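Engineer: no sequence on this one, just coordinates:
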C-alpha cells in the first residue's frame, strides 16, 4: 500500500516537473510570439524618441499632406484638432494638438481609437506619444489639450502624398 502511494507521488511529481518546464518554455516563447503578432497585425510597440531620431533620416524631398479628424461617440464632449491639417516630411518628428471639452456637469471617461487612410499608413506611422494610449477622464466642464507625437517612416510608398489620421472617442464604463 505504501509503495502504491510512493509510486503515485513520484508520478505526480514527474508530471508537475514536465508541466513546469513546458510552462517556462511557453512563457519564454511569448515575447517573440507577441512581436510577430504585432508585426503581422500592424500593431507596433511604442517607439523611443531617441532611437527614432538616431535611426531615421528626414526625406526633405517629399511632403505628405496629413488631414486630422476628430469624432465623438456616446460622450457629451466636443473634440477637435487645433489644426485641420499639417504638411510633413517623412522621417520628421511631428507634434499635433487636439482639444477635448466635457460639455456636461458630470465626470465622463473616454478612450480614443485611431484609424488611418490609406489603410497601409499604420505600417509607417510611428507614434511616440498619443492620448489614445490611455483612457481620458474629464470632470464636468473641463477642457484639456492633448498631443500626438509621431513620424512617418521614410520607407512609406512614394505614391502616398496625402493621408488622414482620425480619432474617435468612445465612452468607457467606469468601475
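Structural biologist: Nice, thanks for sending it over. A quick note: this is a predicted structure, and the numbers were derived from the prediction, not measured.
Engineer: For the rest of this, base every contact and every neighbour count on C-alpha atoms.
Structural biologist: Will do.
Engineer: Do you know the pLDDT at the most centrally placed residue in the chain?
Structural biologist: Nearest to the mean C-alpha position of the chain, by CA atoms, centre = their mean, lies residue 133 at 5.5 Å. As predicted, residue 133 sits at a pLDDT of 91.
Engineer: likewise the one 3 residues further on?
Structural biologist: Residue 136 is assigned a predicted lDDT (pLDDT) of 95.
Engineer: check contacts around it.
Structural biologist: Contacts were defined as CA atoms under 8 Å, 6 or more residues apart in numbering; by that measure residue 136 touches 109, 110, 111.
Engineer: Show me what the first one is bridged to.
Structural biologist: With beta bridges defined as DSSP bridges, residue 109 has these partners: residue 137.
Engineer: where does it land on pLDDT?
Structural biologist: Looking at residue 109, its pLDDT is 95.
Engineer: got a list of what it touches?
Structural biologist: Listed by CA under 8 Å, 6+ apart, the contact set of residue 109 reads 135, 136, 137, 138, 171, 172, 173, 174.
Engineer: quick revisit: could the contacts of residue 136 go into CSV alongside distance to residue 77?
Structural biologist: Output for those, formatted as CSV (distance: CA to CA, whole Å):
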residue, distance to residue 77
109, 10
110, 9
111, 12
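Engineer: just those now: which is nearest residue 34?
Structural biologist: Closest approach between these and residue 34, by CA to CA: residue 111, at 23.4 Å.
Engineer: which residues touch the residue nearest to the centre of the chain?
Structural biologist: Taking CA under 8 Å, 6+ apart as the test, what residue 133 contacts is residue 112.
Engineer: can you give me phi and psi for it?
Structural biologist: phi -70, psi -20 (degrees, to the nearest 10).
Engineer: Summarise which helices and strands the helix or strand hosting residue 164 is packed against.
Structural biologist: Here residue 164 is covered by strand 162-171, with elements defined by DSSP states H and E. Helices and strands touching strand 162-171, as assessed by 3 or more CA pairs under 8 Å, 6 or more residues apart in numbering; DSSP states H and E, comprise strand 64-73, strand 108-117.
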